[in-house]
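> Sequence first, then the predicted structure:
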Protein chains: 2
Amino acid sequence: MSRRSRGSNKWEVRASTLARNTHNLIRNIVENLQVEPNPSKQLIALSVGDPTTFGNLNPPEQVLQAVHESVEWHISRGYAPAKGHAEARQAVAEYSAHQGNVTADDVILCSGCSHAIELAISVIADSGQNVLVPRPGFMIYKTIAEGLGIEIKYYRLLPDEQWKVDLEDLENQIDDHTAAIVVINPSNPCGSVYSKDHLLEILDIASRNHVPIIADEIYEHFVFSNYEFTALSTLSQDVPILTCSGLTKRFLVPGWRMGWIVIHDRQNIFQKEVREGLAQLANRILGPNTLIQRALPSILKYTPQSFFDEVVLFIENQAKLAYEELRRAPGLRPVMPQGAMYMMIEVKMSMFPEFKNELQFVERLVSEQSVFCLPGQCFEYPNFMRIVLTVPEDILKEACLRIATFCKEHIVSREKLKEIDTN
Amino acid sequence: MSRRSRGSNKWEVRASTLARNTHNLIRNIVENLQVEPNPSKQLIALSVGDPTTFGNLNPPEQVLQAVHESVEWHISRGYAPAKGHAEARQAVAEYSAHQGNVTADDVILCSGCSHAIELAISVIADSGQNVLVPRPGFMIYKTIAEGLGIEIKYYRLLPDEQWKVDLEDLENQIDDHTAAIVVINPSNPCGSVYSKDHLLEILDIASRNHVPIIADEIYEHFVFSNYEFTALSTLSQDVPILTCSGLTKRFLVPGWRMGWIVIHDRQNIFQKEVREGLAQLANRILGPNTLIQRALPSILKYTPQSFFDEVVLFIENQAKLAYEELRRAPGLRPVMPQGAMYMMIEVKMSMFPEFKNELQFVERLVSEQSVFCLPGQCFEYPNFMRIVLTVPEDILKEACLRIATFCKEHIVSREKLKEIDTN
Ligand SMILES: Cc1ncc(COP(=O)(O)O)c(C=O)c1O
Ligand SMILES: Cc1ncc(COP(=O)(O)O)c(C=O)c1O
């Protein structure tokens, strides 16, 4: 009997390249922060992008009812097809009618929008290729791509133009190995909402360069008054688009892990391989939980518009509140969002010379004022921090006051700055 | 502005290597079958490994109650840590005490056992390495591995020794690139249950060759009277083991997608990289649905033993029934299972010369008798077919009668065979 010694004839088990190259940037940064809150003040975490954390925002009764009913159905316990039950996909198709002509065949149900993004990236990009992602932008793209040997290249967003895409930079980033452009609209972390015209400019670049788009529209319809949400896919003549969305944010159930991909492919460019590739990839983990799949038709049809309107109005008011408070805080420059659930705030580091970077600013804000904002480095975007707007109003107000106090205590006056400069 | 033409300056989007190499073998075979049932007989599908299909087997009331309660809890809507909520992991640790010393830290919650397998394979094996899998065996290993460039190598099971592992063959398959051995016990499709002694023999090979084990124990405790289930991990002195399991089969809720990995690592061999690698990989899709996570402690604690006993007893009786009926069918040789929910049946093809292979046998069985068994090719194991034992008793009986009739109608007598041979 052959008895090969494996390698050194001792136990030595490494993790795979995939595992070693998969990193959660936010977690890594947050875990390394020195964040001991001030024991005399209750900690306020403005860092977590989970609208359910504080208990003030809850899914509508209809949604819970639909799931209760689903629990009782015998059919909601068995396996679903890997792409999801036909009825659930049909319901998503109807719900996504604002994206253009969508049929059940164009829908793949996923285990949350993260899984939708994982499938979209991994069906379209190969090791050695690259995917263009906005900076600042949501970091799961990096987590997912780099493990697979897919490079993330950033294109710039312009903070002074409400985070519009720097189109020239976007086009400059495209090269022979570019497999897809990711467009996040409305945006995490920026809260920006793009106009039709701007989306057309982005599509034009994709079209001329023949690069497909992954449209992350998990915040679809999440826009403040006077702004309009346009699904990227409605504007595309040729560019094939995988739109990723789900229940997570709009229905306030991030833990339920129900997301989906909608395939938009007017010129049958995905028809040859990508569509089938997605169906095959869905086989790897056999789709999202069927309790929610079975409830999905009711969830999507019976949630009243008033529910959505109230949530968005609440967040808009929170955004105004935070903006008014923080723009008066010395050394900060909040950028008023147009949608989603976040606000980016510039920290003028030159006015806080005692801190080396915004990471130290954020750390000290925790230890003195017990307010935790996410440092811009979590989005590879230093000198900014992100706050979450879904916390209760009184807590947000208190947090803003504390931030302003902190800034007043640490800001260095212009005169003082000049002094420092001359020394 | 640079304007690189991507490739041929036209739309050409391929699917990734991962997508093109991910295949669901069973689906591909089943879809290509000529399976038009006989319109005068109701179709009986003995092919689907879903115990809920016929509605005769249902999860216990306690489980449904636990989920109803979870729907009402505000905390079951938010994000969980990627590895799962601490309470849910603690509950799995206690539930898995029969596997040895398990703490919450050793548990990673996954979206079904398939996802557990995906994480286990992808943390431990790299492109270019191989994983040893039993033949016949469950095919998701192939689906998951090949997309990642990981080779699947088979080791033989011995049908005449109740599907024990051919130990010599197993050891012969190990080479310098072997990253893991998969052991499925109890087995799909065989229904075999390994004795302690046999598991020790397998462990010995893994130990001497320093190959970690992935123990697929999704059918844990699913054993008939006079047999005993032993968790592989309890017997290991050194071999590090990732045990994959979940709610799917034992609690009759495959659609709920709740599975887990339990890390067994007495010699701290996974400690260096694999443990952290699993935690990082879990970040890709952020864990299974929190509704079930929150219900998990109640589900695992309050399901009465009598529920499990009844289900297993039912299946055992079904196995006996099918075995008795089918061993009298000419040309068939059923192998009596010792657990799980399946039975493998040898089709002595030489006695059915009109069929080229068991695929044709199975096809014709559908078109004449409207009974659908899964052909052995679905497990890369020709000349056998697999039936599912979870269907209602009268339906199983009817199916067996029809199979026997079919065999009688198509068997060629020994005399006749000799005649054919001499011509
Ligand atoms: C832009 C963006 N895309 C995707 C996701 C992931 O959503 P899910 O929780 O459904 O995986 C998030 C979550 O914060 C997000 O902000
Ligand atoms: C041996 C084996 N492992 C894993 C699985 C997958 O289980 P799950 O449905 O939890 O993904 C199955 C399902 O049939 C199986 O038979």
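Nice, I can see it. Ligands and ions are numbered 1, 2, ... in the order given.
> Report the contact partners of the residue of the stretch 201-350 of chain A found nearest ligand 2.
Closest contact between the stretch 201-350 of chain A and ligand 2, by CB to the nearest ligand atom, is at A:Leu286 (5.6 Å). C-beta coordinates here come from the backbone N, C-alpha and C atoms, glycine included. Each residue near A:Leu286 by CB atoms under 8 Å, 6 or more residues apart in numbering or on different chains is listed here: A:79-80, A:82, B:112, B:114, B:257.
> Now, those residues that are in helices?
B:112, B:114 (DSSP state H).
> Show me what from chain A comes close to ligand 1.
Counting by CB under 6 Å from any ligand atom, the residues of chain A close to ligand 1 are A:49, A:112-114, A:138, A:184, A:188, A:216, A:218, A:246, A:248, A:254, A:259.
> Can you lay out those residues as a markdown table showing distance to B:Pro337, neighbour count and secondary structure?
Below are those laid out as a markdown table (distance: CB to CB, whole Å; neighbours: other CB atoms under 10 Å in any protein chain shown; DSSP: H, G, I helix; E, B strand; the rest coil):
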| residue | distance to B:Pro337 | neighbour count | secondary structure |
| --- | --- | --- | --- |
| A:Gly49 | 49 | 20 | coil |
| A:Gly112 | 37 | 28 | helix |
| A:Cys113 | 41 | 29 | helix |
| A:Ser114 | 39 | 26 | helix |
| A:Phe138 | 49 | 24 | coil |
| A:Ile184 | 51 | 25 | strand |
| A:Asn188 | 51 | 23 | coil |
| A:Asp216 | 47 | 29 | strand |
| A:Ile218 | 46 | 27 | coil |
| A:Gly246 | 41 | 28 | strand |
| A:Thr248 | 42 | 24 | coil |
| A:Pro254 | 42 | 26 | helix |
| A:Gly259 | 38 | 26 | strand |
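> Tell me the one of these nearest B:Ile152?
Distances from B:Ile152 to those, taken as CB to CB, are shortest for A:Ser114 (27.6 Å).
> can I get the residues of chain A next to ligand 1 in CSV with distance to chain B and pLDDT?
Converted to CSV, the residues of chain A next to ligand 1 look like this (distance: CB to the nearest CB, whole Å; pLDDT from 0 to 100):
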residue, distance to chain B, pLDDT
A:Gly49, 8, 92
A:Gly112, 6, 98
A:Cys113, 9, 98
A:Ser114, 5, 97
A:Phe138, 13, 94
A:Ile184, 17, 98
A:Asn188, 14, 97
A:Asp216, 15, 98
A:Ile218, 13, 98
A:Gly246, 12, 98
A:Thr248, 9, 98
A:Pro254, 5, 97
A:Gly259, 9, 98
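> same for ligand 2: which of the contacts of A:Leu286 are within range?
Among those, ligand 2 is touched by B:112, B:114 when using CB under 6 Å from any ligand atom.
> Farthest pair within the contacts of A:Leu286?
Distance extremes for the contacts of A:Leu286: the farthest pair is A:Ala80 and B:Ser114 at 12.6 Å, using CB to CB.
> ok, now which ones touch the residue of the stretch 1-150 of chain A found nearest ligand 2?
Nearest to ligand 2, among the residues of the stretch 1-150 of chain A, is A:Tyr79, at 6.7 Å (CB to the nearest ligand atom). By CB under 8 Å, 6+ apart, A:Tyr79 lies in contact with A:286, A:290, B:48, B:50, B:254-255.
> could you pull out the helices for the stretch 301-423 of chain A?
A:305-327, A:358-369, A:393-410, A:414-422 (DSSP state H, counting those that start in this stretch).
> which residues does A:Leu18 contact?
So A:Leu18 contacts A:147-148, B:122-123, B:126, B:148, B:281 (CB under 8 Å, 6+ apart).
> Tell me the one of the residues you listed nearest B:His177?
Ranked by distance to B:His177 (CB to CB), these are led by B:Asp126 at 9.0 Å.
> Check which helix or strand that closest one maps to.
Using DSSP states H and E, B:Asp126 sits within no helix or strand.
> Please name the nearest non-neighbouring residue to it.
Counting by CB to CB, 6 or more residues apart in numbering or on different chains, A:Ser16 is the residue found nearest to B:Asp126 once chain neighbours are left out, at 4.6 Å.
> Tell me how far the closest residue to A:Ile181 other than its chain neighbours lies from B:Asn28.
In space, and not counting its chain neighbours, A:Ile181 is closest to A:Leu132: 4.6 Å by CB to CB, 6+ apart. According to CB to CB, to the nearest Å, A:Leu132 and B:Asn28 sit 34 Å apart.
> which one of these two has more residues nearby?
The neighbour comparison of A:Leu132 against B:Asn28 (other CB atoms under 10 Å in any protein chain shown) goes to A:Leu132, with 28 against 11.
> is it true that that one touches A:Val182?
Yes: using CB atoms under 8 Å, A:Leu132 is in contact with A:Val182, at 6.5 Å.
> Quick one: the helices in the stretch 51-200 of chain A, in order.
Using DSSP H, counting those that start in this stretch, the helices found in the stretch 51-200 of chain A span residues A:61-72, A:86-95, A:112-124, A:140-147, A:167-173, A:196-209.
> want to throw these into CSV with distance to A:Glu363?
Below are those laid out as CSV (distance: least, CB to CB, whole Å):
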stretch, distance to A:Glu363
helix A:61-72, 39
helix A:86-95, 42
helix A:112-124, 28
helix A:140-147, 23
helix A:167-173, 31
helix A:196-209, 36
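> Please work out which of these is packed deepest.
helix A:112-124 (a mean of 28; mean count of other CB atoms under 10 Å in any protein chain shown).
> Export that one to PDB, keeping only CA atoms.
Provided in PDB are the C-alpha atoms of helix A:112-124 (Å, rounded to 0.1, in the frame of the first residue of the first chain):
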ATOM      1  CA  GLY A 112     -29.500  39.100   1.200                       C
ATOM      2  CA  CYS A 113     -28.200  41.700  -1.100                       C
ATOM      3  CA  SER A 114     -24.600  40.800  -0.100                       C
ATOM      4  CA  HIS A 115     -25.200  37.400  -1.600                       C
ATOM      5  CA  ALA A 116     -26.700  39.000  -4.700                       C
ATOM      6  CA  ILE A 117     -23.500  41.100  -5.000                       C
ATOM      7  CA  GLU A 118     -21.400  37.900  -4.400                       C
ATOM      8  CA  LEU A 119     -23.100  36.200  -7.300                       C
ATOM      9  CA  ALA A 120     -23.000  39.200  -9.600                       C
ATOM     10  CA  ILE A 121     -19.300  39.700  -9.000                       C
ATOM     11  CA  SER A 122     -18.400  36.100  -9.300                       C
ATOM     12  CA  VAL A 123     -20.400  35.400 -12.400                       C
ATOM     13  CA  ILE A 124     -19.000  38.300 -14.300                       C
END
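> Against which helices or strands is it packed?
Packing partners of helix A:112-124 (3 or more CB pairs under 8 Å, 6 or more residues apart in numbering or on different chains; DSSP states H and E): strand A:107-110, helix A:140-147, strand A:178-184, strand A:213-216, strand A:241-246, strand A:259-264, helix A:274-282, helix B:17-20.
> what pairs with the first one, and is each one parallel or antiparallel?
According to DSSP bridges, strand A:107-110 has the following sheet partners: strand A:259-264 (antiparallel).
> Go ahead and confirm A:Gly112 touches A:Ile285.
No: using CB under 8 Å, A:Gly112 is not in contact with A:Ile285; the gap is 11.5 Å.
> Return every residue with contacts to both of the two.
B:Ile285.
> Find the residue closest to the residue of the stretch 201-350 of chain A found nearest ligand 1 in space, skipping its chain neighbours.
The stretch 201-350 of chain A approaches ligand 1 most closely through A:Thr248 (3.4 Å), counting by CB to the nearest ligand atom. Excluding the flanking residues, the one nearest A:Thr248 by CB to CB, 6+ apart is A:Pro254, at 4.6 Å.
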